[in-house]
Every structure is written in structure tokens, then in C-alpha cells.
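In: Could you work out the structure for the sequence below:
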Amino acid sequence: NYTVLVVGPTGSGKEVLARMIHDHSPRRNGAYIAINCSALSEHLIESELFGHVKGSFTGALNDRQGAFEAARGGTLFLDEIGDLPLNLQPKLLRALENREIRPVGSDKTIRTDVRIVAATHKNLYEKVLKKEFREDLYHRLNVCRLSPPSLIERMEDFETILYSMAKEQRVRFSFNAIERLKDHTWPGNIRELKNLVSRASAYFPG
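Out: Model (predicted):
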């Protein structure tokens, strides 16, 4: 049930690790909910995480359950946690420490029951030093830390990863093609390789 912080370059498989943690945990029968903290506006992130009550803001036509409630008994994956707005960080810290949340516009608190897995490609400690990320939240998240390497740092696994993706997409690569792929620097890491295999499957199905 410990909080996990996954730190690694973009495309290195952080969400895959988060999902595996959930699937192999006592919470595997509960929900797995993923929220990308960089993909939503500041206002929407608060509502997505904690929910809101009807009439709490323009467009709030009904009460809405947030991710903390939707993931009750399961895992909440907070991707790109380094992009969480500074003014929302105390609310997340309170949710982690007190195991309770308060929906937007509500005066009532709700007890929570989730395990948090957070991920970022940024250096959170540098953000702490720049006063862009709360130090107390950083330490609360950094309980168990995983650091998946970039693809270029794990080339001994390259063929295994490629074969797994190719089998799933039903496409084959020649020996010469694989050798050429090994020479690539893969700045987009696992995600770039996955996209390449998908394109190969589209152009050369079967």
C-alpha cells in the first residue's frame, strides 16, 4: 500500500510499471484510474481529482465523483505529477496524509482508500529547490522509488521487447532490419519503438 514514485524519461514505460504494480498488488481487483496532471487546466484537475458538487462552478450541472473516489479500493496513477499546479499541492498532500478529500464546492470531507502511484520525467528535487514543488509533498510521494532506464540504456533487452510488440501487432522484422534498429538512439524510448512497430503492422499487415 506504500506510495510509489516512478521517475524516468518520457516514453520509458512509467505507466506500464504503474499498471503492473496495480495488477500484482492486493488491490488488483479494485479500479485502476489514471490522471495526466499536465493534460488538464488547473480548475479541471481539481475537479478530476476530488470531484465537485452541483453548482460549484459554471458548467457543474450535477455532482461528480473524482478520481480519488472512482479509484476507491484500487490504484490512482498520477502521471506527470511535476506539472501539478502549486496551489493544488497542499490539497493532494492532505489527501495523502489524512486519507480524506473535499470535493470542489463542498463543505464535507470524504474518507479515501487508494494507493497512489505517481510518475514524472522531471527532476522533482530541482523543482523543490526552485520553490516550484512542495518539499513535504515530494517526500510524501518519494516512499518507494522506481527509475526505469531509457531504451538506449537497456539494449540487452531490445530484441525481447521488439519481439513481444511484433507478436502482438502480428508483424515480422528481418535480421538486418533489427540490426539497423539497434543503431538508432531512440530518443522517444519504448513509446517510439511501439509506434514504429504499429506503423510496420499498418504498412505490412500479416
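In: Would you mind pulling the contact partners of the lowest-mean-pLDDT helix or strand in the chain?
Out: One helix or strand of the chain scores below all others by mean pLDDT, DSSP states H and E: helix 42-50, with a mean of 85. Outside of helix 42-50, the residues within contact range by Cβ atoms under 8 Å, 6 or more residues apart in numbering are 35, 37, 40, 57, 60, 64, 66-68, 84-85, 87-88, 91-92, 95, 101-104. All C-beta spots, glycine's among them, are computed from the backbone N, C-alpha and C.
In: Check this structure and tell me which residue is nearest its centre.
Out: Asp79 (3.0 Å; Cα atoms, centre = their mean).
In: I'd say that residue and Val117 touch.
Out: No: counting by Cβ atoms under 8 Å, Asp79 stays clear of Val117, with 9.2 Å between them.
In: Not counting sequence-adjacent ones, nearest residue to the residue nearest to the centre of the chain?
Out: Once flanking residues are discounted, Asp79 sits nearest to Asn36: 4.6 Å by Cβ to Cβ, 6 or more residues apart in numbering.
In: Then Arg145?
Out: Counting by Cβ to Cβ, 6+ apart, the residue nearest Arg145 is Leu5, at 5.1 Å.
In: Helix or strand: which one has the one you found?
Out: Per DSSP states H and E, Leu5 falls inside strand 4-7.
In: Quick check, pLDDT for the residue lying closest to Ala39 once chain neighbours are set aside.
Out: Excluding the flanking residues, the one nearest Ala39 by Cβ to Cβ, 6+ apart is Glu80, at 7.7 Å. pLDDT recorded at Glu80 is 95.
In: Tell me which of the contacts of helix 42-50 fall in strands.
Out: The strands, defined by DSSP state E, take in 35, 101 from the contacts of helix 42-50.
In: Drop anything exposed from the contacts of helix 42-50.
Out: Taking 16 or more other Cβ atoms under 10 Å as the criterion, what is buried in the contacts of helix 42-50 is 35, 37, 64, 66-68, 84, 88, 91-92, 95, 101, 103-104.
In: how about a markdown table for those residues, with pLDDT added?
Out: Output for the buried ones among the contacts of helix 42-50, formatted as a markdown table (pLDDT from 0 to 100):
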| residue | pLDDT |
| --- | --- |
| Ile35 | 95 |
| Cys37 | 92 |
| Arg64 | 80 |
| Gly66 | 89 |
| Ala67 | 94 |
| Phe68 | 94 |
| Leu84 | 93 |
| Leu88 | 91 |
| Lys91 | 91 |
| Leu92 | 94 |
| Ala95 | 93 |
| Ile101 | 89 |
| Pro103 | 84 |
| Val104 | 82 |
